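Enquirer: next input, structure requested:
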Amino acid sequence: MTTTTFTRLQLATRIHFALLRNLGEGIDVGRMLRQRDYADEALNVCRSLDDDGLYDLADRFEEATAAENAKVHMDVAAKAARAALALIPRRGPVTPQEMPWSQQTSGFGLNHALGALEPSAPPRRFSVSGWLGFGSASQERH
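Expert: Residues are numbered from 1 along each chain as shown. Here you go, the predicted structure:
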């Protein structure tokens, strides 16, 4: 039982005995804690009587109820935030780069021409027959 619930229980019990003393009839304390409409009716009765102590108890009960409602809303929001954070995927360890050229790139391609990293070699030209699979790759001769 939280402190605000315990405070509300104490205040509802004091209201019960004060109304029993003043009117000869008390209230259902458990119902006052559970049902907002019943609590409002009991608090209106407290305020309608000419008793400053009951009026003060009614105000304190409303303040404790508002504090408990705020705490409940904060707990619900915190639970929802924890659930949302649990859905966010965690980033795994970074895979080490095996090729030297891959360390100089963002992973979306080379940031400079591939030919700049390799020694210059004359371009190879393929004949049409090589493209069809009947010939072999050969350098073009002039």
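
Enquirer: okay, now the unreliable bits of this structure?
Expert: 1-3, 94-142 (pLDDT under 70).

Enquirer: give me that answer again for 80
Expert: Within the chain, the segments meeting pLDDT under 80 span 1-4, 72-73, 89-142.

Enquirer: residue boundaries of the strands in the chain?
Expert: Using DSSP state E, the chain contains no strands.

Enquirer: and the helices in it?
Expert: 3-23, 29-34, 36-48, 52-87, 128-132 (DSSP state H).

Enquirer: how about the closest residue in space to Val29 that isn't next to it in sequence, what does it touch?
Expert: The shortest distance from Val29 to any non-neighbouring residue, by C-beta to C-beta, 6 or more residues apart in numbering, is to Ala12 (4.6 Å). No exception for glycine: its C-beta is placed from N, CA and C like everyone else's. Listed by C-beta atoms under 8 Å, 6 or more residues apart in numbering, the contact set of Ala12 reads 27, 29, 32-33, 39, 61.

Enquirer: and of the residues you listed, the nearest to Lys79?
Expert: In terms of C-beta to C-beta, no member of these lies closer to Lys79 than Leu33, at 22.5 Å.

Enquirer: in this structure that closest one contacts Thr7, no?
Expert: No: between Leu33 and Thr7 there is no contact under C-beta atoms under 8 Å: 11.0 Å.

Enquirer: quick check: neighbours shared by these two?
Expert: Overlap of the contact sets of Leu33 and Thr7 (by C-beta under 8 Å, 6+ apart) is empty.
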